[in-house]
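> Fold the stuff below for me.
(one chain, ligands or ions: 2)
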Amino acid sequence: MNEHVIPKTRPALSPAVERWLASERAMLIDGRWVQAQSGKTFATHDPATGDVIANVPEGDKADIDLAVKAARRAFETGPWARMTPSARGRLLHKIGDLILEHADELAELEAIDNGKPKVVAKAADVALSADMFHYMSGWATKIEGKTIPISALAAPGLDLVSATRLEPIGVVGQIIPWNFPLLMAAWKLAPALTTGCTVVLKVAEETPLSALRLGEIMLEAGLPAGVVNIVTGFGETAGAALSGHPDVDKIAFTGSTEVGRLIVRAASNDLKKVSLELGGKSPNIVLGDADLDITIPGCAASIFFNHGQCCNAGSRLFVQKNIFDRVVEGLTAEARKIKLGHGLTEDTQMGPLVSQVQYERVTGYLASGRSEGARATCGGEGLGGQGYFVPPTILVDTKPEMKVVREEIFGPVLVATPFDEVDDALIAEANNSVYGLAAGVWSRSQGKAQQIAHRLRAGTVWINCYHVFDAALPFGGYKQSGWGREMGQAVLSNYLETKAITTNLG
Ligand code: NAP
Ligand code: MG
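Ligands and ions are numbered 1, 2, ... in the order given. Next comes the predicted model:
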């Protein structure tokens, strides 16, 4: 039954966003705002209403070529190449400050372009984006090599000193998805910039707006021309041209595992360095002794936050048998309370999915679950009509081999399964996925929870919490969830080369 009433029209925009959208949208190449070489544009839509918000340039190979040239020039010879680490750090810090100064505007753009609630975008996407620049600004002055005592057995008699220097990898191509448009841009740009790289960023076709606004902010902060170039366009054209470009030294990608494979193939021609942050189907394990007052809202947020459009969503719930019914009832009650609506309506807790394609994909999974015998305790169908709304859904009576259990749905759909004991079979089932991005454990016993955490094949494990992200904490996947880590000190190696220099003092 559809208990959700969605308003038909978009609430009014702020004057700042209204003004910004009224001017012509362009891409950032070599410090200038330009249209595509082809002159083509495409529309970006408000997923709550289906209305066109703005037209943006349809960049393709020709524009990627210009952007890569600009990034190469900026890397080799521009003021960026001569900038001290201290000045680079201060510039990054200023970008973080300006993001906070424009927090409302950026959150509003996320709400209309992606569909997420503005209040959530401001508290999460925008705040974490600013923090990423602030955190990474500190690393600019701390990228240190080592002096290394060597024995040089084949060069006896020489008086040698050896040291390593960590150097920026060069021109980086970055390709990002639509689920956290601004935050994914920040996760990619901040570490690349703090290490001294230059960038061509290809944003997702569904959500180009906030990254373009971020480009303006970066220029306002004083970023020299060509250091960051932002291309709007499609994956098959602009994205493919970037990942196969012979003058790009490294590709950093976030998105589907399927496209991750295409990126690796394209980058393999000239053996570019590649880092990947891909999909997930994360297990979330609730032990019989868990504190249900925190576990039930925590597990609901683990799947329903951002409408389930999170690579790390806790989408496979395992609950110990003695409390299974209570947990599912509690989660169902939580899910029914979630208010769907336009992202700009103040009390909206969940907006639409990002696009018609995602709506069809997620409702296709719901139909597949139904036909295979899964039962929805809430939700279960798309709302239909205007906008791409799918209500929070919990599926029970599932079997491990069902598609809804095996595949990443990327929507507000939880599958819940009971288990008897914490034993090898439970751990094996939790790890029974091609993915290994994140996991959750809920228990009053720290010891048991830690033991389980150690056995889970995942890059992040949360105990008695979920979705805790921090610029200082590495994030990334085991298995087919990716290569390398985002954030923290760990991300720096994605953007650095190590050079060993040995000098004969004699
Ligand atoms: P996607 O196709 O992997 O898109 C991610 C980015 O890659 C976009 O910028 C996309 O451009 C670009 N791209 C697409 N094809 C490309 C190619 N051949 N070469 C280079 N770049 C290419 O993801 P999606 O279609 O937006 O979503 C599909 C599924 O991916 C979701 O349902 C979800 O399972 C997963 N996903 C995962 C994450 C994550 O955070 N790990 C995020 C989003 C989606 P376009 O924008 O033009 O497509
Ligand atoms: Mg859009």
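
> low-confidence ranges in the stretch 1-150 of the chain?
Applying pLDDT under 70 to the stretch 1-150 of the chain flags residues 1-3.

> Could I get the full set of strands for it?
Under the criterion DSSP state E, counting those that start in this stretch, the stretch 1-150 of the chain carries strands at the ranges 27-29, 32-34, 41-45, 52-57, 147-148.

> what residues does the stretch 151-300 of the chain put near ligand 1?
Applying CB under 6 Å from any ligand atom, we find that the stretch 151-300 of the chain lies next to ligand 1 at 175-179, 202, 204-205, 234-236, 239-240, 243, 254-256, 259, 262-263, 277-279. Using the backbone N, CA and C atoms, a C-beta is placed for each residue, glycine as well.

> Buried only: go through those residues for me.
Among these, those that count as buried by neighbour count (16 or more other CB atoms under 10 Å) are 175-179, 202, 204-205, 235, 239-240, 243, 254-256, 259, 262-263, 277-279.

> hang on, the earlier thing: I'd like the strands of the stretch 1-150 of the chain as a markdown table, with distance to ligand 2 appended.
As requested, the strands of the stretch 1-150 of the chain are arranged in a markdown table below (distance: least, CB to the ion, whole Å):
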| stretch | distance to ligand 2 |
| --- | --- |
| strand 27-29 | 16 |
| strand 32-34 | 20 |
| strand 41-45 | 4 |
| strand 52-57 | 6 |
| strand 147-148 | 51 |
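
> Ok, which of the ones you listed comes nearest ligand 1?
With CB to the nearest ligand atom as the criterion, ligand 1 lies closest to strand 41-45 of these, at 9.4 Å.

> Buried residues in that closest one, which are they?
Thr41, Phe42, Thr44, His45.

> Disregarding residues adjacent in the polypeptide, which is nearest to the most centrally placed residue in the chain?
Nearest residue to the geometric centre of the chain (CA atoms, centre = their mean): Met184, 4.5 Å. Setting aside the residues directly before and after it, Met184 is nearest to Ile176 in space (CB to CB, 6 or more residues apart in numbering), at 4.0 Å.

> Could you list which of the buried ones among the residues of the stretch 151-300 of the chain next to ligand 1 belong to strands?
Using DSSP state E, the subset of those located in strands is Ile175, Lys202, Thr254, Glu277.

> Which strand residues bridge Gly440?
Asn284, Trp462 (DSSP bridges).

> I'd assumed Tyr466 was in contact with it.
Yes. Under the contact definition of CB atoms under 8 Å, Gly440 touches Tyr466, with a separation of 5.0 Å.

> where's Arg10 relative to Pro352, distance?
To Pro352, Arg10 is 12 Å away according to CB to CB, to the nearest Å.

> So between these two, which is more surrounded?
Between Arg10 and Pro352, Pro352 has the larger neighbour count (other CB atoms under 10 Å), namely 28 against 17.

> quick check, Glu497 in a strand?
Yes. Using DSSP: H, G, I helix; E, B strand; the rest coil, the assignment for Glu497 is a strand.

> Other residues contacting stretch 442-462?
When contacts are defined by CB atoms under 8 Å, 6 or more residues apart in numbering, stretch 442-462 is touched by residues 282-287, 289-291, 294-295, 298-299, 312, 422, 427, 430-431, 436-441, 463-464, 468, 473-479, 481-482, 485.

> thought Ile338 was touching Pro392?
Yes. Applying CB under 8 Å, one finds Ile338 in contact with Pro392, separated by 5.3 Å.

> what is in contact with these two at once?
Taking CB under 8 Å, 6+ apart as the contact rule, the neighbours common to Ile338 and Pro392 are Ala300, Phe304, Met350.

> Next one: the residue lying farthest from the centre of the chain, what pLDDT does it get?
Of all residues in the chain, the one whose C-alpha sits farthest from the chain's mean C-alpha position, using CA atoms, centre = their mean, is Gly157 at 53.3 Å. The confidence metric pLDDT takes the value 93 at Gly157.

> any idea how far it lies from ligand 2?
For Gly157, the distance to ligand 2 under the criterion CB to the ion, to the nearest Å works out to 68 Å.

> neighbouring contacts of stretch 126-133?
Contacts with stretch 126-133, where a contact means CB under 8 Å, 6+ apart, come from 92-93, 95-97, 99-100, 103, 106-107, 110, 182-183, 185-187, 190, 214, 469-471, 487.

> where do the helices sit along the stretch 201-350 of the chain?
Secondary structure of the stretch 201-350 of the chain (DSSP state H, counting those that start in this stretch): helices located at 209-221, 240-243, 257-268, 292-304, 321-337.

> and those as JSON lines, adding distance to Pro117?
Supplementary listing: the helices of the stretch 201-350 of the chain in JSON lines, determined by distance: least, CB to CB, whole Å:
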{"stretch": "helix 209-221", "distance to Pro117": "15"}
{"stretch": "helix 240-243", "distance to Pro117": "32"}
{"stretch": "helix 257-268", "distance to Pro117": "27"}
{"stretch": "helix 292-304", "distance to Pro117": "12"}
{"stretch": "helix 321-337", "distance to Pro117": "15"}
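
> which of the ones you listed is buried the deepest?
When those are scored by mean count of other CB atoms under 10 Å, the highest mean neighbour count falls to helix 240-243 (a mean of 26).

> which other helices and strands contact it?
Helix 240-243 sits against helix 61-76, strand 171-175, strand 250-254, helix 257-268, with contacts defined as 3 or more CB pairs under 8 Å, 6 or more residues apart in numbering; DSSP states H and E.

> which residues make contact with that helix from outside it?
Helix 240-243 has contacts (CB under 8 Å, 6+ apart) with 60-61, 64-65, 68, 173, 175, 200, 202, 231, 248, 251, 253, 262-263, 266-267, 272.

> go again using 6 Å as the cut-off
Lys61, Ile64, Gly173, Val200, Lys202, Ile251, Ile263, Ala266, Ala267 (CB atoms under 6 Å, 6 or more residues apart in numbering).

> of these, closest to Gly50?
Minimum distance to Gly50 across the contacts of helix 240-243 is 24.7 Å, recorded for Lys202 (CB to CB).

> Name the nearest residue to the closest one, ignoring sequence neighbours.
Once chain neighbours are set aside, the closest to Lys202 by CB to CB, 6+ apart is Ile175, at 4.7 Å.

> ok so, going back, so can I have TSV of the helices of the stretch 201-350 of the chain showing mean pLDDT?
Rendered in TSV, the data for the helices of the stretch 201-350 of the chain read as follows (pLDDT from 0 to 100):
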stretch	mean pLDDT
helix 209-221	98
helix 240-243	98
helix 257-268	97
helix 292-304	98
helix 321-337	98
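
> Please read off the pLDDT at the nearest residue to Thr295 once chain neighbours are set aside from the model.
The spatially closest residue to Thr295, leaving aside those adjacent along the chain, is Trp442, at 4.3 Å (CB to CB, 6+ apart). pLDDT, the model's per-residue confidence, is 98 for Trp442.

> Next up, phi/psi of Trp442, please.
Dihedral angles of Trp442 (phi, psi; degrees, to the nearest 10) stand at phi -120, psi 120.

> And the helices in the stretch 1-150 of the chain, which stretches?
Read by DSSP H, counting those that start in this stretch, the stretch 1-150 of the chain holds these helices, from start to end of the chain: 15-22, 61-76, 79-82, 85-101, 103-114, 118-120, 127-139.
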